[in-house]
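> Sequence plus predicted model, see below.
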2 protein chains.
Amino acid sequence: MLENNHAVVKFRKGDSIIKQGVFSTNVIFLRKGLAKIHITGPYREQIVRLIKAPTYLGLPTTLGNKINQYSVTAVLDSEVCFIDIDVFKRVLEENREFSSYIILELSKSELEAYRRCANRTQKQTRGKLADVLLDFSENIFNSDEFVLPVSQSDIGNWVDSGRESINRVLSEFAADGIIEMTGREVRIRDKKLLKMVSQNG
Amino acid sequence: MLENNHAVVKFRKGDSIIKQGVFSTNVIFLRKGLAKIHITGPYREQIVRLIKAPTYLGLPTTLGNKINQYSVTAVLDSEVCFIDIDVFKRVLEENREFSSYIILELSKSELEAYRRCANRTQKQTRGKLADVLLDFSENIFNSDEFVLPVSQSDIGNWVDSGRESINRVLSEFAADGIIEMTGREVRIRDKKLLKMVSQNG
DNA sequence: ATTTTTTTGTGATATATGTCACATTTTTAT
DNA sequence: ATAAAAATGTGACATATATCACAAAAAAAT
């Protein structure tokens, strides 16, 4: 049913997929690619998480309130399906397994949000940046070598540090032999040490 | 059905309702009272939110993973229903409205978590404390007069500031005539100003 | 190709807030 | 009632990191 009721759209990196404040009648399924979820804070736009395909986007928004509550922007070239909300809701009602799955996903997101919150508020820049690198390596790219998909400013914004601090710590990591960097290419050289930095300062 | 399959238990303030890391086979419904959700962070225990009745507790935990992923502690005397997970799941499957309701709740939580995150990382102590006071006044107690249900240390921990900073800013607010304080009793005197402080520094 | 915009690299400086220390008060337990 | 523990009030001080200010490099747009 969902197969028959969606349109596939491609987004280039940097393109806006969901815009906060805009009325929406679609659930969005991120089929391929990587995106950032960001929200308008009291002073600046803030990245709250990076999310990789496959996943649904904008569920909280769409199910609760037709106005998008946050923005989503492609960070890498991505492929997205637009699914009409009503169709989606019907499937949700008719398919128990599907609704269980969605409940599970939402539950996980909530837990993740709590954990992220505790991490981001307790650690300082070195630890937070280590987390980000480990996240890229272990969850997003599944490799010790990868190209940073976001700018240093974005990383700073995401983990609540200044762009400059991120830059400095990145150089520090390179100097300490934890990573190797060529432009935005990162190669993790000493994962053990990186994990230590993530845990301790 | 849920009516027939639950046990009501009373908790005194300070009592632990859910303990992180413990195996659990119950969904918990907070019937009356107020509780704090806290999670073990990298360095210390961190309060992630205050949650007031009526609400379900531990959904993300229970539905995803039988091990409690966070702790919940009563902040005021509370009344709680324990509902067997399997019963809960059956109701979830059989009652579409109920499952829609749960999905909606989870969605809201997620959004709230995002917003809180942006707020807490961008504002400084004055603004964050103003938020807390407004939250007590407008969401939790629905009154301009209330008794702080948590210690200053807890507030500090919750909004990611030191206990001492909270104390100082509280005195500052009192000196500025924004609030009046007698022990833990707070009376909001100038809500407009308080909102200004919440928005600006 | 050339220009414009966005990123990145790095130093100097300011500051909000954490941290320590200790006195006092309040609450809880015995 | 009394002792013990937790919470509060305040001063002094240290420090991680934000912020500003430029220069250089890279990427994007024309």
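Noted; the coordinates are in hand. Residues are numbered from 1 along each chain as shown, chains lettered A, B, ... in the order given.

> just checking, A:I155 is part of a helix?
Yes - checked against DSSP: H, G, I helix; E, B strand; the rest coil, A:I155 lies within a helix.

> show me where chain A has strands.
Applying DSSP state E to chain A gives strands spanning A:6-11, A:16-18, A:26-32, A:34-40, A:45-52, A:55-57, A:71-74, A:78-84, A:145-147, A:179-182, A:185-188.

> low pLDDT regions in chain A?
A:2, A:5, A:64 (pLDDT under 70).

> how close does the residue positioned nearest the centre of it sit to A:I39?
Geometric centre of chain A, nearest residue: A:L50, 1.0 Å, by C-alpha atoms, centre = their mean. Distance of A:L50 to A:I39, given as C-beta to C-beta, to the nearest Å: 14 Å. Using the backbone N, CA and C atoms, a C-beta is placed for each residue, glycine as well.

> Quick one: end-to-end length of stretch A:137-151, please.
Taking C-alpha to C-alpha, to the nearest Å as the measure, stretch A:137-151 stretches 16 Å from start to finish.

> same question but for stretch A:142-150, I mixed them up
Distance between the two ends of stretch A:142-150: 17 Å, counting by C-alpha to C-alpha.

> before we move on, what about stretch A:118-129?
End-to-end distance of stretch A:118-129 (C-alpha to C-alpha): 15 Å.

> can it be found next to chain B?
Yes - remark: stretch A:118-129 sits within contact range of chain B at A:A118, A:N119, A:R120, A:T121, A:Q122, A:K123, A:G127, by C-beta under 8 Å from any C-beta of the partner chain.

> and the longest helix anywhere in chain A, which residues are buried?
When chain A is parsed with DSSP state H, its longest helix is helix A:96-122. For helix A:96-122, a neighbour-count test (16 or more other C-beta atoms under 10 Å in any protein chain shown) marks A:99, A:102-103, A:106-107, A:109-111, A:113-121 as buried.

> One more: stretch A:14-22?
Neighbour counts over stretch A:14-22 (16+ other C-beta under 10 Å) mark A:I17, A:I18, A:Q20 as buried.

> The last one and A:T73 touch, don't they?
This means A:Q20. No - in this structure, A:Q20 is not within contact of A:T73 by C-beta atoms under 8 Å, at 10.6 Å.

> and DNA strand D, which of the buried residues of stretch A:14-22 reach it?
Among the buried residues of stretch A:14-22, not one lies near DNA strand D by C-beta under 7 Å from any atom of the strand.

> List just the nearest of these to DNA strand D.
Of all the buried residues of stretch A:14-22, the one sitting nearest DNA strand D is A:I17; the distance, using C-beta to the nearest atom of the strand, is 16.8 Å.

> quick one: the most far-flung residue of chain A relative to its centre from A:I103, how far?
In chain A, the greatest distance from the average C-alpha position (C-alpha atoms, centre = their mean) is reached by A:E94, at 29.9 Å. According to C-beta to C-beta, A:E94 stands 15 Å off from A:I103.

> And for the closest residue in space to A:K191 that isn't next to it in sequence, the neighbour number?
For A:K191, ignoring the flanking residues on the chain, the nearest one in space by C-beta to C-beta, 6 or more residues apart in numbering or on different chains is A:D144 at 7.0 Å. Here the number of neighbours of A:D144 (other C-beta atoms under 10 Å in any protein chain shown) works out to 16.
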